[in-house]
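A.B. asks: Sequence isn't available, so here's the structure alone:
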């Protein structure tokens, strides 16, 4: 009964009904703006950082599992660094499935930390692996998206011909 009375008073297709439809359209447009400006970039950021940190967890133990104990002999500083880089480059495909292509020698860093005259040397090895170009670089990632794995090794039975490195 109320509907009939309301319809009789307001008439069919009244201004109030049209205004309600216009407001519903405005709410839909505002929701679209909020989704496209706030929520979608937030979701893409969560996905991008999640993938980056997952790859970082996979790449972290790379440098600590290298077979460098086989390096023995007498070297000068440059020869030792080249030998370690070559050994690391050859061992990486066996150590991890993360590295698809061969890592260039420029992505492998070797630094002689300490020379132990009667024992050997202590070296630091760092490996820089690409973290992938997720979203075409729209979001800033740590280290520009590169993943770095570092480890320190004490290599015995190595004698250096140069005084220091």
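C.D. replies: Cool, got the structure. Here the structure is a predicted model, which means the values were calculated and not measured.
A.B. asks: Could you give me the buried positions within stretch 112-121?
C.D. replies: Under the neighbour-count criterion of 16 or more other Cβ atoms under 10 Å, stretch 112-121 has 112, 115, 120-121 buried. Quick note: C-beta positions are derived from backbone N, CA and C, even for glycine.
A.B. asks: So the residue most central in space within the chain, which state does it fall into?
C.D. replies: Centroid-nearest residue in the chain: residue 52, 3.3 Å away (criterion: Cα atoms, centre = their mean). Assigned by DSSP: H, G, I helix; E, B strand; the rest coil, the conformation of residue 52 is helix.
A.B. asks: I'd like the distance between it and residue 69.
C.D. replies: 32 Å (Cβ to Cβ, to the nearest Å).
A.B. asks: Likewise for residue 165?
C.D. replies: 20 Å.
A.B. asks: just the strands in this structure please.
C.D. replies: Using DSSP state E, the strands assigned to the chain run over residues 73-75, 108-116, 120-130, 146-156, 158-160.
A.B. asks: For the second one, name the packing helices and strands.
C.D. replies: Okay, so that is strand 108-116. Judged by 3 or more Cβ pairs under 8 Å, 6 or more residues apart in numbering; DSSP states H and E, strand 108-116 is in contact with helix 77-95, strand 120-130.
A.B. asks: Give me the sheet partners of it and which way each runs.
C.D. replies: Strand 108-116 has the following strand partners under DSSP bridges: strand 120-130 (antiparallel).
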